[in-house]
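Colleague: Here is a sequence with its predicted model. Questions after.
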Amino acid sequence: MFRKPIFAANWKMNKGPSETEDFARSFLSKVQNRTFPCDIVIAPPFVSLSKAAEILGNVSSIALAAQNCSQFDSGAYTGEISAMMLKEFFVHYVILGHSERRAIYGETDEVINAKVRKARELNMKPIFCIGETLEEREAGKLEKVLRTQVSAGLQGLSERDLLDTVIAYEPVWAIGTGVTASAAQAQEAHAFVRSLVAEQFGADSAAKIRIQYGGSVKPSNAAELMACPDIDGALIGGASLEPQSFLDIIEKGAPA
Ligand SMILES: O=C[C@H](O)COP(=O)(O)O
């Protein structure tokens, strides 16, 4: 089953509008007039989406993502941004359930599920993140944690909604640490996540859904990780902050 790889840059709380402009112009100069055998997504902070959209909004090979959205439509939710607002900035993807949102901001599986459903209601594509901590892995709870996150986070989605969702498997212990999961560890977890999707939505949907790997992906390890049969691209933090580094990951992970 062919699944188009997807490489997404999650800048986290880095790059205001002026740094976003520098990145966007530099990245654009490297990719314009080229075609790629993968989807390329960039997720700047909310305040930089407008600048990113101004420069990259019409570039067909690049899509923009937000790093979060509210589960609500509008109203008295100080500090929140709705999915409808994001659509005005040519934002097509939204990262939801990132481990930093879960751990630092206390987002539960239920809240994340509400956000995933809201994003789909507004025809945005969720990048739905899951992954275990080191303690959970060492305690033999990897499968239990992933089962709960997948089952609760994707609950209530139709098959169409599921296939417009990307799952990002990110072992928490590999995020920003420089410690990458080995290709064998990553493949094993991805295959397990795909089997969970098969249980919940059927084998056909499981074969079609894209599952990205995230956690210290770099140009030096992208090719080995992306060669795994159940890994369909990457969600990249630190190594996506520099245009050439992000492009190198894409070129090594999805050679033309
Ligand atoms: O969303 C991206 C992940 O948290 C990975 O971050 P990292 O590439 O800096 O380890």
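Modeller: Now that the structure is in, tell me what you want to look at.

Colleague: all strands of the stretch 51-200 of the chain, in order?
Modeller: Secondary structure of the stretch 51-200 of the chain (DSSP state E, counting those that start in this stretch): strands at 62-66, 91-96, 125-130, 166-169.

Colleague: Now render these as TSV, adding distance to the ligand and mean neighbour count.
Modeller: Placement of C-beta: from N, CA and C, glycine included. Converted to TSV, the strands of the stretch 51-200 of the chain look like this (distance: least, Cβ to the nearest ligand atom, whole Å; neighbours: other Cβ atoms under 10 Å):
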stretch	distance to the ligand	mean neighbour count
strand 62-66	10	23
strand 91-96	7	24
strand 125-130	7	27
strand 166-169	7	27
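
Colleague: Would you reformat these as a markdown table and include mean pLDDT?
Modeller: Putting the strands of the stretch 51-200 of the chain into a markdown table (pLDDT from 0 to 100) gives the following:
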| stretch | mean pLDDT |
| --- | --- |
| strand 62-66 | 97 |
| strand 91-96 | 98 |
| strand 125-130 | 98 |
| strand 166-169 | 98 |
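
Colleague: Run a quick neighbour tally on Ser105.
Modeller: Quick fix: residue 105 reads Tyr, not Ser. Residues near Tyr105, counting by other Cβ atoms under 10 Å, number 10.

Colleague: What segments of the stretch 51-200 of the chain are helices?
Modeller: 83-87, 99-105, 109-121, 134-138, 142-153, 159-163, 183-201 (DSSP state H, counting those that start in this stretch).

Colleague: coming back round to it: determine which of the strands of the stretch 51-200 of the chain approaches Pro17 most closely.
Modeller: strand 62-66 (13.7 Å; Cβ to Cβ).
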